[in-house]
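*Asks:* sequence isn't available, so here's the structure alone:
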């Protein structure tokens, strides 16, 4: 093992081998972790989307455990049918496991049929995985409380996602009368409140409304357009990072009127670009926005329109960015993640 030290992180073991089991490529918060882990460790990655059946993933993981012998298995999200058996197997052979969790995988929102914990069998397997893992890293205090409602744990530590505040920063141009939100347009539009966002555009014709996200279901896209006014625009695709930043830089308002959020990274990224947040009091959102949120009632277009109107009057763009820079920088996640893994390995 090689000791190393830089300005951000204390001494740690450079050559630890991490096996990361991740949902799918392209998720920005997971990609950020990959860059951190690759920077300090030997990293092997398995994506769940590469496997048509859970058992095929588990078989490949077993081969990896035998032939590569990782020091730590690092999961992003708990998918009960693969996470629980792999965690148990790693425990048997003395390999430590880390679960990064706190979103859909531990949610139970019956009003919108959202969350894996609506399934009794999934709850049992998830509790099993949480109990036998060596470290659980929820990405908000809210997520931690949700996990502790499922099962009491001592090996749990909040580790907030981080915002790259060099990439997400304001421009020098004047903000426009523009409200944006991010969300995939599918049968699950209610979770992010995209239907309410569309209805708001009809109530506020003086403001431009933009939904940034891929249309996975064309019928749902047409439905949203029918709910909104002529001032509602759908990007129709998942935009490149530079274009996403450009939207945030132009917009006065970022809207996240979700029923549930484990963290809400898009809110923090938009705030880093000087957007005033219009949000619901759901999940971890109050943690993310601090004292700067303009709150709307869930599933209420009129309340949301009133919150947007209030936010348009705000002049706290610089304070909003400063809040994110001070509380949720990517550098903080890097330092805390490396510290947590080094401490786990040394136990």
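*Replies:* Arrived safely, thanks for sending. Just so you know, these numbers come straight off a predicted model, no measurement behind them.
*Asks:* could you use CA atoms for every contact and neighbour count after this?
*Replies:* Noted.
*Asks:* now residue 134: how far from residue 36?
*Replies:* From residue 134 over to residue 36 the distance is 20 Å, taken as CA to CA, to the nearest Å.
*Asks:* so for the two, which residue has more residues nearby?
*Replies:* Using other CA atoms under 10 Å, the more surrounded residue of residue 134 and residue 36 is residue 134, with 21 against 18.
*Asks:* strands along the stretch 201-347 of the chain, start to end?
*Replies:* For the stretch 201-347 of the chain, the strands defined by DSSP state E, counting those that start in this stretch cover 208-212, 232-234, 251-256, 276-279, 294-295.
*Asks:* columns mean neighbour count on top of these, output as CSV?
*Replies:* What follows is these, written out as CSV (neighbours: other CA atoms under 10 Å):
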stretch, mean neighbour count
strand 208-212, 23
strand 232-234, 20
strand 251-256, 28
strand 276-279, 28
strand 294-295, 22
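*Asks:* nearest to residue 287, of those?
*Replies:* Nearest to residue 287 among these is strand 276-279 (11.6 Å), distances taken as CA to CA.
*Asks:* tell me which other helices or strands the closest one touches.
*Replies:* The contact analysis (3 or more CA pairs under 8 Å, 6 or more residues apart in numbering; DSSP states H and E) places strand 276-279 against strand 251-256, strand 294-295, helix 301-312.
*Asks:* one more time with 10 Å, if that's ok
*Replies:* strand 176-182, strand 251-256, helix 265-272, helix 285-289, strand 294-295, helix 301-312, helix 317-327 (3 or more CA pairs under 10 Å, 6 or more residues apart in numbering; DSSP states H and E).
*Asks:* average pLDDT for that strand?
*Replies:* For strand 276-279, mean pLDDT rounds to 98.
*Asks:* note down every partner strand of that strand and its orientation.
*Replies:* For strand 276-279, the pairing partners within the sheet under DSSP bridges are strand 251-256 (parallel), strand 294-295 (parallel).
*Asks:* name the helix or strand for residue 91, please.
*Replies:* Under the criterion of DSSP states H and E, residue 91 resides in helix 80-92.
*Asks:* report the buried residues of that helix.
*Replies:* Using 16 or more other CA atoms under 10 Å as the test for burial, helix 80-92 gives 80-84, 86-90.
*Asks:* just stretch 292-304 next, same as before
*Replies:* Residues of stretch 292-304 classed as buried: 292-299, 301-302, 304 (neighbour count, 16+ other CA under 10 Å).
*Asks:* likewise stretch 116-130?
*Replies:* Neighbour counts using 16+ other CA under 10 Å place 116-118, 122-123, 125-130 of stretch 116-130 among the buried residues.
*Asks:* same deal with stretch 48-55?
*Replies:* Neighbour counts over stretch 48-55 (16+ other CA under 10 Å) mark residue 48 as buried.
*Asks:* gap between stretch 284-302 and the chain center?
*Replies:* Centre-to-centre, stretch 284-302 and its host chain are 17 Å apart (CA atoms, centre = their mean, to the nearest Å).
*Asks:* export the helices and strands packed on strand 276-279 as CSV, with columns for mean pLDDT and distance to residue 239.
*Replies:* Shown next, in CSV, are the helices and strands packed on strand 276-279 (pLDDT from 0 to 100; distance: least, CA to CA, whole Å):
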stretch, mean pLDDT, distance to residue 239
strand 176-182, 97, 10
strand 251-256, 98, 16
helix 265-272, 98, 13
helix 285-289, 97, 23
strand 294-295, 98, 26
helix 301-312, 98, 24
helix 317-327, 98, 22
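*Asks:* in a markdown table, list the ones you listed along with distance to residue 210.
*Replies:* Output for the helices and strands packed on strand 276-279, formatted as a markdown table (distance: least, CA to CA, whole Å):
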| stretch | distance to residue 210 |
| --- | --- |
| strand 176-182 | 5 |
| strand 251-256 | 9 |
| helix 265-272 | 14 |
| helix 285-289 | 21 |
| strand 294-295 | 18 |
| helix 301-312 | 14 |
| helix 317-327 | 20 |
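*Asks:* tell me which of the ones you listed is the most buried.
*Replies:* Per residue and on average, the most neighbours among those fall to strand 251-256, with a mean of 28 (mean count of other CA atoms under 10 Å).
*Asks:* report the angle between that one and strand 176-182.
*Replies:* 30 degrees (axes from the mean of the first three to the mean of the last three CA atoms, to 10 degrees).
*Asks:* re earlier: rebuild the strands of the stretch 201-347 of the chain as CSV, extending it with distance to residue 17.
*Replies:* Formatted as CSV, the strands of the stretch 201-347 of the chain follow (distance: least, CA to CA, whole Å):
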stretch, distance to residue 17
strand 208-212, 37
strand 232-234, 43
strand 251-256, 38
strand 276-279, 40
strand 294-295, 44
